[in-house]
Structures are given as C-alpha cells and as structure tokens.
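> From the sequence below, what's the structure:
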Amino acid sequence: MFTAITIVLWILSPWLLVEGGISFEEFHRENLPLLSLTNSSENNLLLPFNTTRTPGSEESLKVQNFIKRFYRGMEGPWQLEEDSFEANGRRFKNLVFTLGEASHYVTIAAHYDSKVAPEGFVGASDSAASCAILLYVSRFLDRLYDEDAALLEPRLRGAGIGFKIVFFDGEEALQQWRADDSLYGSRRLAGQWARSGTLDHIELLVLLDLLGSEPQPIPSYFRETHWYYERLASLEAAYTHQELQLDAQDHRFLQANGVTIEDDHVPFYEAGVAVLHLVPWPFPSVWHTLEDDYDHLQQGQVDKWAVLLSEFLIDCAARR
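Numbering: from 1, shown residues only. Prediction:
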C-alpha cells in the first residue's frame, strides 16, 4: 500500500519528495493508528465522534471542544473561525480552521452533527468518520508545514494556496428535510463568506459525506471539477488493487451538471464555488438507520480516504 502511494507521489509532487524532508510513507505508517476502531488511546481521532451529536446538545459541545483542543495542539499557524447562531429553537456552531494567508484556498468540509431521530442515531458514516478524516488531513498538513515550512510557505502566501478545514453544524433536518429545515451551518457560512468576499477566494470546496462504511461507487457530479476528480481517481488506483470507488469514465451525473444530491455543498455551489462532492451513490445501506454505527465502519475504508485526501490536497498545492 505505502509503496504504491510513494511511487505515485514521486510523479505527482516531486518538489515535495526531492526538496523536502518529510516522508509520506512514514507519516501514514505512524499516524493511521490514530484512526483505529479498536485502539482506545487518548490520541484517537475517530472514537470521540462515536456518540450522538445533535445540535445544541451536551454531546455536541464535547465534540466541539475535542476538535478545538486538537487544533490547539498543532504546530502550524492555524486560525479558528467560530460561528455560533440560533435557528428553529436550536443552537448551532460552525468551526473553521485556516492554515496559511493566501490568495486562494482549498476548503475541505464535513458536518459533525447527527440526526435527532431515530433516537440514539450516531451516524458513523454520516459523518463521524469524515470528521475524523478531516483531523487526520489537518495533522498531515501541519506536519508538512512544521517540517518543510520553507518549502510550503511560498504556496501558502501571496499568490499561493491555503487550506480551510470546515466542520458544519446542522446539516441534518431537525424534523423533516426542507429548505428551511436542513443545511443550517452551510447556509449560514456561505452567506457570511459571500458578504465578506471570502467566497471569491475559495478555489475548491471538497465535501465529504457517507464515507467509511461499505465501499459504494462515488461518481463525479460536476463538469467544472471533473479534472480534480480524475486526479483523485488516479491516486485511488495507485493506492489499492481492490474494487475502486472512483471511475473517471462514469459521466452519468456530468450530463446533468447540477445539484442532484442535496448536501452542505449546495449553498456554495449556488454561489458559484467549484465543488468536489465525495458522497457515494447509491447511499450505504445503513444510511439514516441505527445501524449506521461504528460496528458498520470498515477500517480499510477509513484509512484509505484519510491517505487519499491528504495526498490530494498536497497535489492541489503543488499544481499552483
């Protein structure tokens, strides 16, 4: 697994491997145990999300604090944007962490809330695993910044590329999905960023959802970002010889080239932001059931997406 990744990254990002000191293979070998489904270490990034996380709840607050502690322990200059608001009688909070002062940003996001019903719904793939993957990717970027700052900083400043990691609250409907009862956090943040001009500097929004359980196909949904999808598909092909989830030749959704699945990307897409939506279709069989728990996560799937997205973001920076 690691050999294949190292080989493909030598091709994709030679400026990192030749000039820099960090070993991607070594990093993933050391850090993937932090996503273990069984390792109860206090440093585990996955297990703290194994709880209900309904907006405004005590469990949601604990998850928020866990995420913020994680970033406080990082080496790089991460900036926190914390946005609390009320809607439909609930308290919500978006968390945005930014690395680099740049002219353009790649933003990678997931929602950390869980459904109100059925009672006890954890949402392991929807989207606890994706949130843990965001933390892993952030650690990867942080290590790169810390060990190869002289190499990476020019790409994080001026005309370069920066990174925003977003944890949305309130993706799920509180009662029944409709325009005013869903996507609370993403609608709020897209509106704020539109007013502040931040949206003009978002080069790409990568949205993760329903990852980590059974490996369903993940189509390419938008023509504007199909070339990003192709780059990620090439990384997946190098990563594993097992059944692939990405197929750059599947153009079913590209023909429609519009919103076919409502998710947190919608307010940003409607505002003109380029979106790479990484959500399986069809949805996993456990979707919106109590079986979407940690017993139905697959360690190999969690690990795969953590590695692929780490490498994908560096590929984005290298190509600017």
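> Give me the below-cutoff pLDDT ranges for the stretch 201-320 of the chain.
319-320 (pLDDT under 70).
> how about 90 then?
For the stretch 201-320 of the chain, applying pLDDT under 90 flags the ranges 239-243, 255-258, 314-320.
> quick one, helices of it?
226-239, 252-256, 266-270, 299-318 (DSSP state H, counting those that start in this stretch).
> tell me the strands in the chain, going along the chain?
Here the chain has its strands, by DSSP state E, at 78-87, 90-99, 102-111, 158-168, 202-208, 275-278.
> So which of these is the most surrounded?
strand 275-278 (a mean of 24; mean count of other C-beta atoms under 10 Å). (Each C-beta comes from the backbone N, C-alpha and C, glycine too.)
> Name the strands paired with that one and say parallel or antiparallel.
strand 202-208 (parallel) (DSSP bridges).
> just the angle between the strand it pairs with and helix 226-239, please?
50 degrees (axes from the mean of the first three to the mean of the last three C-alpha atoms, to 10 degrees).
> Check the offset of strand 202-208 from the chain's centre.
9 Å (C-alpha atoms, centre = their mean, to the nearest Å).
> cool, and stretch 233-250?
18 Å.
> then it to CSV, C-alphas only?
Output in CSV follows, covering the C-alpha atoms of stretch 233-250 (Å, rounded to 0.1, in the frame of the first residue of the first chain):
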residue,chain,number,x,y,z
ALA,A,233,-9.2,8.7,-9.1
SER,A,234,-5.6,8.3,-10.2
LEU,A,235,-4.4,8.4,-6.6
GLU,A,236,-7.0,5.8,-5.6
ALA,A,237,-5.9,3.5,-8.4
ALA,A,238,-2.3,3.7,-7.2
TYR,A,239,-3.4,3.1,-3.6
THR,A,240,-5.3,-0.1,-4.0
HIS,A,241,-5.8,-3.0,-6.3
GLN,A,242,-9.2,-3.7,-4.7
GLU,A,243,-12.5,-2.6,-6.2
LEU,A,244,-12.3,1.2,-6.9
GLN,A,245,-15.0,3.7,-5.9
LEU,A,246,-14.0,6.4,-8.3
ASP,A,247,-14.5,6.0,-12.0
ALA,A,248,-13.5,8.9,-14.2
GLN,A,249,-15.3,7.3,-17.2
ASP,A,250,-18.7,7.4,-15.4
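> quick one on the thing from earlier: kindly compare burial across the helices of the stretch 201-320 of the chain and name the winner.
Of these, helix 299-318 is the most buried (mean count of other C-beta under 10 Å), at a mean of 22.
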